[in-house]
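Asker: Structure for this input, please:
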Amino acid sequence: MQDLPTKKRIAIFGSTGSIGTQALDVIRANPGLFEVEILTAQTNDELLITQAMEFRPNAVVIGDDSRYQKVKDALSSTDIKVFAGETALEEAADFDTYDMMLAAIVGFAGLKPTLKAVEKGKAIALANKETLVVAGDIVMQKAVEKRVPIIPVDSEHSAIFQCLVGEVRNPIEKVILTASGGPFLGKKPNFLVNVKRDHALQHPNWSMGAKISIDSATLMNKGLEMIEARWLFNLQPNQVEVVIHPQSIIHSMVQFEDGSIKAQMGLPDMKLPIQYALAFPGRVKNDFPRLNFRKNPNLTFEEPDVKTFRNLSLAIEALNTGGNMPCVLNAANEIAVWAFLRNRIGFLDMTAMVEKTMQHVAFIQKPTLQEYFDSDGEARNFAASLINL
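Answerer: Residues are numbered from 1 along each chain as shown. Next comes the predicted model:
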């Protein structure tokens with residue numbers, strides 16, 4: 001008699017965000033395959049409590065210390081362990097009790113817990129692209145040492161990953177990341193100078209959190225994805241390209257050295273790459289809507305406008321320069337997006353902030369992990385000082 005497969009125990013770091021909540025939808029639909037072991041949130045205590053009451057994880061972490069008592073009291077009738085603070089995130093990542101971490105904390109904050117999970121030998125479903133943008137060389141080297149699979153959740157990197165299944169011995173000529181172009185495709189600087197927060201948050205195809213929606217509007221998201229792809233798939237900077245594909249049906253492509261191109265296609269729905277990563281190497285039946293080619297008869301492609309959307313050219317510059325520059329780019333961008341979302345700066349000011357920060361912070365060719373942290377801190381402080389200009 002065959003043994004029944006044991007459930008995969010999932011630790012969701014960033015469970016209250018867009019990716020985390022959709023991952024819980026996938027788990028809810030597949031109770032025989034997955035169970036929730038750890039849930040973490042930064043400030044959204046209400047949703048964390050609701051999730052914990054439904055999924056009954058072993059432990060929850062609330063990043064904001066001041067909300068600890070509220071979460072602790074709300075879960076006092078259960079045997080769920082409650083922790084708080086930044087170091088508690090790393091300590092939870094160090095637990096033995098889970099099989100896979102879904103790394104869905106937004107931004108630089110996701111780096112330390114993800115590294116800790118890699119060191120622990122845990123499989124990673126990676127939705128936090130900044131981890132590889134900031135310290136991709138160190139993270140991937142550690143993953144190789146520990147023989148840890150890092151399965152991308154970003155739709156573009158998931159597409160490339162899926163295209164590479166079965167191609168392990170076939171060298172890649174290049175990967176082609178597709179970009180929708182965001183809500184301002186075709187617009188020029190005289191239009192963008194007046195763009196406001198709510199306008200920039202309205203993505204035409206994808207439903208995403210605030211940070212990634214703004215990054216998509218500025219094309220910074222695609223730049224960060226280029227840097228992430230370089231590390232994930234062990235490529236040279238010149239092997240990563242971007243093409244604008246407004247329909248978001250082809251999620252990305254791989255060109256092999258014989259010139260053949262593989263593409264992964266589907267409707268724009270993040271649940272699909274999330275489910276693929278959680279269930280890998282298998283595919284799981286679902287009732288998600290299916291792509292109908294008769295309803296999507298035209299797939300179009302164009303060059304990105306890097307003169308207008310200069311964030312993409314700054315990211316390409318950081319990719320080509322290497323060292324700590326992608327880390328500096330990311331830190332400045334996180335501060336710039338934060339300021340824009342609070343109406344402190346204009347849409348085009350975000351690019352200026354990133355550019356000035358990249359010019360200010362000293363270049364380090366082969367940074368240590370500590371030097372990455374230092375570069376991140378210096379870039380944030382400098383970018384923040386520009387907000388008062």
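
Asker: chain center to the helix or strand of the chain with the lowest mean pLDDT: distance?
Answerer: Counting by mean pLDDT, DSSP states H and E, the weakest-scoring helix or strand in the chain turns out to be helix 197-200, with a mean of 89. Distance of helix 197-200 from the chain centroid (Cα atoms, centre = their mean, to the nearest Å) equals 21 Å.

Asker: Tabulate the CA atom coordinates of that helix in PDB.
Answerer: What follows is helix 197-200, C-alpha atoms only, in PDB (Å, rounded to 0.1, in the frame of the first residue of the first chain):
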ATOM      1  CA  ARG A 197      -0.700  58.600  -6.200                       C
ATOM      2  CA  ASP A 198      -4.200  57.200  -6.900                       C
ATOM      3  CA  HIS A 199      -3.700  57.400 -10.600                       C
ATOM      4  CA  ALA A 200      -0.400  55.500 -10.400                       C
END
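
Asker: downstream neighbour of that helix in the secondary structure list?
Answerer: Counting by DSSP states H and E, the next helix or strand C-terminal to helix 197-200 is helix 210-218.

Asker: Tell me which other helices or strands that next one touches.
Answerer: The elements that helix 210-218 packs onto, with contact taken as 3 or more Cβ pairs under 8 Å, 6 or more residues apart in numbering; DSSP states H and E, are helix 197-200, helix 220-232, helix 325-341, helix 349-360. The way it works is simple: take the backbone N, C-alpha and C, and place the C-beta from them, glycine included.

Asker: Repeat the analysis, applying 6 Å as the threshold.
Answerer: For helix 210-218, the elements it packs on are helix 325-341, judged by 3 or more Cβ pairs under 6 Å, 6 or more residues apart in numbering; DSSP states H and E.

Asker: This protein: strands as residue ranges?
Answerer: 8-13, 34-41, 59-62, 81-84, 100-103, 123-126, 150-152, 172-179, 240-244, 250-256, 261-265 (DSSP state E).

Asker: Turn these into JSON lines, including distance to Pro367, mean neighbour count and mean pLDDT.
Answerer: Output for those, formatted as JSON lines (distance: least, Cβ to Cβ, whole Å; neighbours: other Cβ atoms under 10 Å; pLDDT from 0 to 100):
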{"stretch": "strand 8-13", "distance to Pro367": "24", "mean neighbour count": "25", "mean pLDDT": "98"}
{"stretch": "strand 34-41", "distance to Pro367": "27", "mean neighbour count": "25", "mean pLDDT": "98"}
{"stretch": "strand 59-62", "distance to Pro367": "28", "mean neighbour count": "26", "mean pLDDT": "98"}
{"stretch": "strand 81-84", "distance to Pro367": "30", "mean neighbour count": "19", "mean pLDDT": "98"}
{"stretch": "strand 100-103", "distance to Pro367": "21", "mean neighbour count": "27", "mean pLDDT": "98"}
{"stretch": "strand 123-126", "distance to Pro367": "21", "mean neighbour count": "25", "mean pLDDT": "97"}
{"stretch": "strand 150-152", "distance to Pro367": "20", "mean neighbour count": "23", "mean pLDDT": "97"}
{"stretch": "strand 172-179", "distance to Pro367": "25", "mean neighbour count": "21", "mean pLDDT": "98"}
{"stretch": "strand 240-244", "distance to Pro367": "21", "mean neighbour count": "19", "mean pLDDT": "98"}
{"stretch": "strand 250-256", "distance to Pro367": "28", "mean neighbour count": "21", "mean pLDDT": "98"}
{"stretch": "strand 261-265", "distance to Pro367": "33", "mean neighbour count": "17", "mean pLDDT": "98"}
